[in-house]
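Asks: sequence? don't have it. structure:
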């Protein structure tokens, strides 16, 4: 290739370096990330890792695991994707995102090696691969005790699967990304469970029965230990509170009571139990209750069943597949029963079916405001609007183009006792938070 060497001195330089690789797209295989990491001295082997896969709940579970580990006076790194507002949000140290200066330095550390690898191989590293390589480089340079890493897509060929994790976690499995991962739960499960390595430890959240065969096969093939939600750990007590849930968790080694989880969505309590079991499995011991109580209370998950206004109630959730949308439906009806009807603000990306998505949300959606996030894969507003009209009628659909305008229309149009829910894409969730001053 013999391209000009990258010079990274500013935040704009760092973003330009990453953005230049967006067009590389998704490329199955680990050759590129492995080759780049070899040039970097294989930083991915420098820190023990808890690796988190699953269809939904990955970022939330990573945040929970990181909070629990940080409460134990360990130095903990984390990597999540995608980001809601700024790319540096993907990287955390002890639950705090790195600042822009640290991010620029991390990109500057990796960029020359990326240039050398690309020149030597003739390959272009993808956007996600470079963000993962930056994470491993940060972890190696920060002297961490442990890192918690989220899978980007699937598992088997995801760029993060170059690690040999101490604990592999699968939060749950449902249909999503079928064009890439397979058309059935069993096929998708096999792809996600491929993060489990020889002699490893697997912790699984609530899995559908159709995933059992793939999980059993991978555990047998790797001679791994397997801890399962409902059998080896569980949610044993549950009480709804104004800000979320008061939870009792039966872990692998102990029972932890009165954990205040300040997240809406009952499904988040299963993610909490999975996070607790994952940390117990990593440490192979019970956790001190006096330390994890405040750690659980501190957990936040922006853009996931997040209340951002109260009059009218505005709920942001990046739900975009059936499992996520069904969880959102339950949250809306169970935790906000006083809301008589909802206006949906929706933008959709990729090959998803917006009509199906709106129908999953049910009869409580009485109006739809259509928009499109700043996303090259976003469906056109005309496509989404046509779908919405088939569900709620043309008279109840408004096209507002951009997310910020859609929120204004929805909030201004909400009548007494009604709420606004913003969903369909994490890109929409991120732009909604920015429009409401939460970025």
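Replies: Right, received. Where do you want to start? All values derive from a computational prediction rather than experimental measurement.

Asks: separation between residue 361 and residue 332?
Replies: Counting by C-beta to C-beta, to the nearest Å, the gap from residue 361 to residue 332 is 8 Å. Placement of C-beta: from N, CA and C, glycine included.

Asks: what do the two both touch?
Replies: 342, 421 (C-beta atoms under 8 Å, 6 or more residues apart in numbering).

Asks: of those two, who's got more company?
Replies: residue 332 (25 against 22; other C-beta atoms under 10 Å).

Asks: now the more buried one, what are its backbone angles?
Replies: With angles defined as degrees, to the nearest 10, residue 332 sits at phi -60, psi -50.

Asks: quick one, strands of the stretch 251-400 of the chain?
Replies: 255-261, 306-310, 313-316, 341-346, 365-371, 397-401 (DSSP state E, counting those that start in this stretch).

Asks: what would those strands look like in a markdown table with mean pLDDT?
Replies: Below are those laid out as a markdown table (pLDDT from 0 to 100):
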| stretch | mean pLDDT |
| --- | --- |
| strand 255-261 | 97 |
| strand 306-310 | 95 |
| strand 313-316 | 97 |
| strand 341-346 | 97 |
| strand 365-371 | 97 |
| strand 397-401 | 94 |
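
Asks: which one, of those, ends up nearest to residue 77?
Replies: strand 255-261 (23.0 Å; C-beta to C-beta).

Asks: any idea how far the closest one is from the chain center?
Replies: Offset of strand 255-261 from its chain centre (C-alpha atoms, centre = their mean, to the nearest Å): 23 Å.

Asks: and if you look at stretch 287-305?
Replies: Worked out by C-alpha atoms, centre = their mean, stretch 287-305 lies 17 Å from the chain centre.

Asks: mind listing what's buried in it?
Replies: 287, 292-293, 295-296, 299, 301-305 (16 or more other C-beta atoms under 10 Å).

Asks: how long is that stretch end to end?
Replies: Stretch 287-305 has an end-to-end distance of 28 Å (criterion: C-alpha to C-alpha, to the nearest Å).

Asks: what mean pLDDT does it have?
Replies: Across stretch 287-305, the average pLDDT comes to 94.

Asks: ranges for the strands of the stretch 51-200 of the chain?
Replies: Going by DSSP E, counting those that start in this stretch, the stretch 51-200 of the chain shows strands at 76-79, 91-93, 96-97, 146-150, 167-170.

Asks: what comes into contact with the fourth one?
Replies: Surrounding strand 146-150, the residues in contact under the criterion C-beta under 8 Å, 6+ apart are 47-52, 58-59, 62, 65-66, 69, 74-81, 135, 139, 160, 163, 165-166, 282.

Asks: swap in the last one?
Replies: Here strand 167-170 makes contact (C-beta under 8 Å, 6+ apart) with 50-54, 61, 65, 192-193, 195-197, 200-205, 207, 215, 224, 274, 278, 281-282.

Asks: before we move on, back to that, of the contacts of strand 146-150, grab the buried ones for ChimeraX.
Replies: Buried members of the contacts of strand 146-150, defined by 16+ other C-beta under 10 Å, are picked up in ChimeraX with:
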select :47,49,50,51,52,58,59,62,65,66,69,74,76,77,78,79,80,81,135,139,160,163,165,166,282
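
Asks: which members of the contacts of strand 146-150 are positioned in helices?
Replies: 58-59, 62, 65-66, 69, 135, 139, 282 (DSSP state H).

Asks: turn these into JSON lines, including pLDDT and distance to residue 150.
Replies: JSON lines is the format used below for these (pLDDT from 0 to 100; distance: C-beta to C-beta, whole Å):
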{"residue": "58", "pLDDT": "95", "distance to residue 150": "5"}
{"residue": "59", "pLDDT": "95", "distance to residue 150": "6"}
{"residue": "62", "pLDDT": "98", "distance to residue 150": "5"}
{"residue": "65", "pLDDT": "98", "distance to residue 150": "10"}
{"residue": "66", "pLDDT": "98", "distance to residue 150": "10"}
{"residue": "69", "pLDDT": "98", "distance to residue 150": "15"}
{"residue": "135", "pLDDT": "98", "distance to residue 150": "10"}
{"residue": "139", "pLDDT": "97", "distance to residue 150": "13"}
{"residue": "282", "pLDDT": "98", "distance to residue 150": "16"}
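
Asks: closest to the centroid, which residue in the protein?
Replies: When C-alpha atoms, centre = their mean is applied to the chain, the residue found nearest the centroid is residue 59 (3.4 Å).

Asks: not counting sequence-adjacent ones, nearest residue to that one?
Replies: residue 80 (4.4 Å; C-beta to C-beta, 6 or more residues apart in numbering).

Asks: got the contact list for residue 191?
Replies: With C-beta under 8 Å, 6+ apart, residue 191 has these contacts: 154-157, 181-182.
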